[in-house]
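Trainee: no sequence for this one, just the structure:
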């Protein structure tokens, strides 16, 4: 090479450079390696383009990473003591979770209870239960300087039936977007218990408690807004048995003054795959529902009456408010409950729809199975 003319040396160098670039996989492997490094250290989206392909691959990673795990030894029946373990390991931090915050960090366990045996408003809300009412032994809180992964351990028991949410949390000082966490839910009733979301729960005797959600029909009222300035919140004192008197109420909140405000009521019962509206007269035990009033901005009003459901089945009550012909609450608020020969509870159990047969132009018949819950 030393004796070759300068032009020849330059030409050979250019050819070698082109050859390296054109070798299959060389440029691609280099880009993949860069993407892997970037993907584990940045919160941005990394775009990788192959030198031998027009394909573009996008890899998005979280800016921070926590490894948390919350477990219990078994689903505790009423008054039964079980073990709880909450583990925390910090894998990666970012600007919203500065490492300096670990010097004064804390971890703890919260317990929340939903009363499924009380009123409808209790069924769509939960209350935090002080730790000293459930903790039997151990320490389920920690505060100090975090240096490596750690574990909280304790024994607890649940003092009443209902749905229990157990939440493990970890946070550092100055973390402005929250810390690490893990949670699980336990259903406790009828002398047994189950961890919700598991196959044992879905196939077990407490599966009906899974309806205690928006999908099953248990939900709170919407808030009033500029488009619909009045909100209605239905409530019923408990899920009654057939023929049992129960108090039905409706709480009205308004952002504006409204004259001659009234409520449009609808009572219906699920029959097979449809619902049938039931005359109000079949449910009323006391005064008429034809109620009118002037409501004032920021002054809640509660209307209540006594009703009874004449038979078992899946029932729905809906209410919407209006002044004259103008509806001010949108679709209003709905309340669903189920009455059987053995129990009554809020929400509806999901039912499978009958098979739907679709015949295509080629003569091939396909049978589809779907499920539904009422909104």
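Mentor: Now that the structure is in, tell me what you want to look at. Just so it is clear, the model here is predicted, and its values are computed rather than measured.

Trainee: Okay, and the beta partners of the nearest residue to residue 134 once chain neighbours are set aside?
Mentor: Once flanking residues are discounted, residue 134 sits nearest to residue 156: 4.6 Å by Cβ to Cβ, 6 or more residues apart in numbering. Quick note: C-beta positions are derived from backbone N, CA and C, even for glycine. Beta bridges link residue 156 to residue 82, residue 135, judged by DSSP bridges.

Trainee: Give the burial count for residue 156, as a bare number.
Mentor: 24 (other Cβ atoms under 10 Å).

Trainee: swap in residue 124?
Mentor: Residue 124 - counted by other Cβ under 10 Å - has 21 other residues nearby.

Trainee: Where does the prediction get shaky in the stretch 51-200 of the chain?
Mentor: Counting by pLDDT under 70, the ranges of the stretch 51-200 of the chain that qualify are 51-62.

Trainee: Mind doing that once more with 50?
Mentor: Residues of the stretch 51-200 of the chain that meet the criterion pLDDT under 50 lie in 51-53, 55, 57, 59-60.

Trainee: check contacts around residue 309.
Mentor: Residues near residue 309 by Cβ atoms under 8 Å, 6 or more residues apart in numbering: 240, 242, 243, 244, 283, 315, 339.

Trainee: Wait, residue 179 touches residue 167, no?
Mentor: No. Counting by Cβ atoms under 8 Å, residue 179 sits too far from residue 167 to count as a contact (11.9 Å).

Trainee: in the stretch 251-375 of the chain, which spans are strands?
Mentor: 258-271, 274-277, 292-295, 301-307, 313-323, 326-327, 333-339, 344-346, 351-352, 356-359, 365-368, 371-372 (DSSP state E, counting those that start in this stretch).

Trainee: in the stretch 201-350 of the chain, which ranges drop under the pLDDT threshold?
Mentor: Using pLDDT under 50, the stretch 201-350 of the chain has no residue that qualifies.

Trainee: Verify the contact between residue 301 and residue 295 for me.
Mentor: Yes. Using Cβ under 8 Å, residue 301 makes contact with residue 295 at a distance of 5.5 Å.

Trainee: Can you work out which residues contact both of the two?
Mentor: residue 252.

Trainee: Next, count neighbours for residue 270.
Mentor: 17.

Trainee: can you tell me how far it sits from residue 307?
Mentor: 18 Å (Cβ to Cβ, to the nearest Å).

Trainee: Torsion angles phi and psi at residue 72?
Mentor: Note on residue 72: backbone dihedrals following degrees, to the nearest 10 are phi -130, psi 150.

Trainee: residues touching it, list them.
Mentor: By Cβ under 8 Å, 6+ apart, the contact set of residue 72 is 82, 83, 84, 85, 166, 184, 186, 195.

Trainee: so of the residues you listed, which ones are in strands?
Mentor: Judged by DSSP state E, strands contain the following of the contacts of residue 72: 82, 83, 84, 85, 166, 184, 186, 195.

Trainee: one step back: out of the contacts of residue 309, grab the one that's most surrounded.
Mentor: residue 315 (25 neighbours).
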